Structures are given as structure tokens and as C-alpha cells.
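Undergrad: coords please:
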Amino acid sequence: MRQVLPLLPGMVALGLDAYVVAGVLPEMSASLQQPVPAVGQLVTVFTLSYALLSPIAATLLTGKPMRVVLLSALAVFTLGNVLSAVATSLAFLLLSRVIAGFGAGLYSPMSAATAAALVAPERRGRALALITIGLSSGTVAGVPLGLALASHVGWRGTFWLVTALGVVAMAGVAVSLPAIPPAAPPSLKARLGVLADRHVLSIVLVTVFSTLTSLGTYTYIAPILNRDNVTIYLVIWGVGGLVGNLLAGAVIDRWRDTRTLMGVLLTVMGVSLALLPVGPPGLLVFLWGASAWSCPATQQHRVMAARPAEGAVAVSLNASAIYLGSSLGAGLGGMVLAGGGAPASLAYGFGGLAVAAAVLNHLITARPVLSSA
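TA: You can find the predicted model right below:
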């Protein structure tokens, strides 16, 4: 697994960059003299750029040397964060977040495809889980770190931190990542076939629901738990995610029926979410984090197994689904609360939706073909 480690700093930077704005919205609003909802669109344009441009870029660059693609993606991502750090207007900031999202949307699926190519097939689950650990570590640290930096050096410091991580990531990929001969690029017909593959799309749809329910709840965890300080629960959620990631890789490699595994994960997450308003919050948040953060590696494994020859393109679709689901979940939760819905109803609704997604996963996705070896 050591050969996969150079990919981790980039994933940590991506996870931090995706959510750090949430921690510094009030200060950015005051600094730019713009209302908080307008500044909040920085998150929207980043995630939409990530979701929409990721499969396009991955399709166009399939067959190019992985190191070149990864370095190019990190360069664009880092440039976007430099521009964010020096921006003096909201319009310029929005443009910089689009650029950063484009780089992130290319690096994430390509790093997963690279990790899978660096290890033997029987260790692929562990490699993909390790990549997700990097992303979850950055995500969990994003909001509290953003608040800490903003209180000492201002909101621009958060983007300089992400920039520094991007530079470290570029150095690691350039110096330490083993060379991987580029695979022969698939034909245009084969690439378009991934976008139209019903098996891949059914898996990706399950990804949308898994992130919609989990990150939709995460966005509104404070009112759902009805506590003034939820930092401790965010830490518990993050620890659960790290533990879940560590276990997920081994489980994927040993228990090859990934469809059933995904169904179990969604069920555990759904029950945990639905019980949040009435059950022991510490235990439930831990189970939620562990099950939710085990889903990305499982889904990446599934789409790569579905289209092994076009793995990078398939994984990019799944990466897009993660951020699309996140945006939909946050938006749906906001609509419910704006319409007068009780915060507890979000936990019940998202929990029920996760269990429904487990059933949907069983009904519309194909069971993997397991070898006897």
C-alpha cells in the first residue's frame, strides 16, 4: 500500500477545500460586503464544477500518462485556490471556485483509478478505501480548521492552507508516485458506452441517494441534535468515518458481493439517522459516520468492476454523483426547514430515504459475478 500514499495529500486538500468555506461564511460575507446566501454560492459552483466537468475531463484524458494527468489536475486545483486567496470580489471568487472544482473533479477519480492500478486486484478494495480516508480526513477537518484559521489570520488563510497542501501533493506525485504505463485509450464508442451503461448508471444512482441522505443530514446536524455545541459529534462522525474506511477496504476484498455490502451499509446508515432525535447521539453518529464513509470505496469498486477497461471514466461518474447528492441533500433539507418542517423530520426523512435506497440498490443493480477462486 505504500505506493498509494503519495496520492493522499491531494485527497486531503480536496476534502478540506470542498467544505472549508462553510466555516468562514460569516467573515467572508463581512469582508466582501455580500449577504451570506450569496457567498454560500461559492460551495455550489465548486461542487457543480466538480460534478459536471469530472466525467468530461476523465473521458478526454483517458489513456494519457497518469502522473501527467494527476499533476495537471493538481496544478489547476492549486491555481484555483491561489486565485481564491487573492480575490477581492465575489465574482472573481466564484470564477476561482469553478477553476478549483475543475481540478478537484479531475484529480479525485484519476487518483482512485491510479490507486487501483498500483495494487493487485485482491487488494483493490483496501487501496480505494485508503484514497477515501484522505478525502474524509480533509472533509472532517474542514469546518473546524476553517474557523480556527479565520479567527487568527482571516478567511484568506484557509485558501493559502489548501494551496500549500496542493503544492505538497504535487511534489509527492512528481517524486514518489511509481510510473504507470498508460493503458490504451478506449474508443469514443466505448467511452460513450460508459455514460449509457444501465448497470453503471444504476450504481451511480445509488451513490446519489447515499450522499444525499448522509450529507443532507450532516448539513443540518446542529438543529437535528438540538445542541448548542455539536463539535464533539462532528469529531465522533469523523472518527467513525475513519474507522469505517479502514474496515471497508478489507471487507470489500474479502466479501466480494459488493451489492449486498452496499445494502447493509445503507440500512445501518438509515436506521442510525432515523433514530438520531431519540437515541443515544454519540453511538448513532459514530455508526452513521462509519457506514456513510464506507460507501464511496464500495461504489468505486463496483463501477470499476462494471467497466474495467474504462475505469477512470466510470469512477468519474461516481465522483460526480457524490457531489451531486451532497448538493441535493443540502438543498432539500433547506427547503424542508424553510417550509416550517421540524429539524427532527429531516432525520426521519433522510433515514427512511437511506433504507429505501438500500431496497432500490437490491432491485435495480446487478449482483456481481463472483469467481470461485
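
Undergrad: From here on, just use CA atoms for contacts and neighbour counts.
TA: Will do.

Undergrad: could you point out which element follows the helix or strand where Leu266 lies?
TA: With elements taken from DSSP states H and E, the one containing Leu266 is helix 258-275. For helix 258-275, the succeeding helix or strand toward the C-terminus, using DSSP H and E, is helix 281-306.

Undergrad: I'd like to know which helix or strand in this structure has the lowest mean pLDDT.
TA: In the chain, the helix or strand scored least confidently by mean pLDDT, DSSP states H and E is helix 188-196, which has a mean of 68.

Undergrad: Next SSE downstream of that one?
TA: Downstream of helix 188-196 (by DSSP H and E), the next one is helix 198-219.

Undergrad: C-alpha coordinates for the following helix or strand past that following helix, PDB please?
TA: Counting by DSSP H and E, the next helix or strand C-terminal to helix 198-219 is helix 221-225. Extracted C-alpha coordinates of helix 221-225, given in PDB (Å, rounded to 0.1, in the frame of the first residue of the first chain):
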ATOM      1  CA  ILE A 221     -26.800  18.300  12.300                       C
ATOM      2  CA  ALA A 222     -27.000  21.200  14.800                       C
ATOM      3  CA  PRO A 223     -30.700  21.700  14.700                       C
ATOM      4  CA  ILE A 224     -31.400  18.000  14.400                       C
ATOM      5  CA  LEU A 225     -29.500  17.200  17.600                       C
END
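
Undergrad: centre of the chain versus helix 221-225, how much separation?
TA: A distance of 22 Å separates the C-alpha centroid of helix 221-225 from that of its chain, computed with Cα atoms, centre = their mean, to the nearest Å.

Undergrad: Just the mean pLDDT for that helix, thanks.
TA: For helix 221-225, the mean per-residue pLDDT is 83.

Undergrad: Could you shift the numbering so residue one becomes 734, and keep it that way?
TA: Okay, residue one is now 734; in that scheme the one you just asked about reads as helix 954-958.

Undergrad: continuing past that helix, what's the next helix or strand?
TA: Heading C-terminal from helix 954-958, the first helix or strand you meet, by DSSP H and E, is helix 964-987.

Undergrad: quick one, that next one and helix 1014-1039 angle?
TA: The directions of helix 964-987 and helix 1014-1039 differ by 30 degrees, with axes from the mean of the first three to the mean of the last three Cα atoms, to 10 degrees as the criterion.

Undergrad: Going by neighbour count, which residues of helix 964-987 are buried?
TA: Buried positions in helix 964-987, judged by neighbour count with 16 or more other Cα atoms under 10 Å: 966-986.
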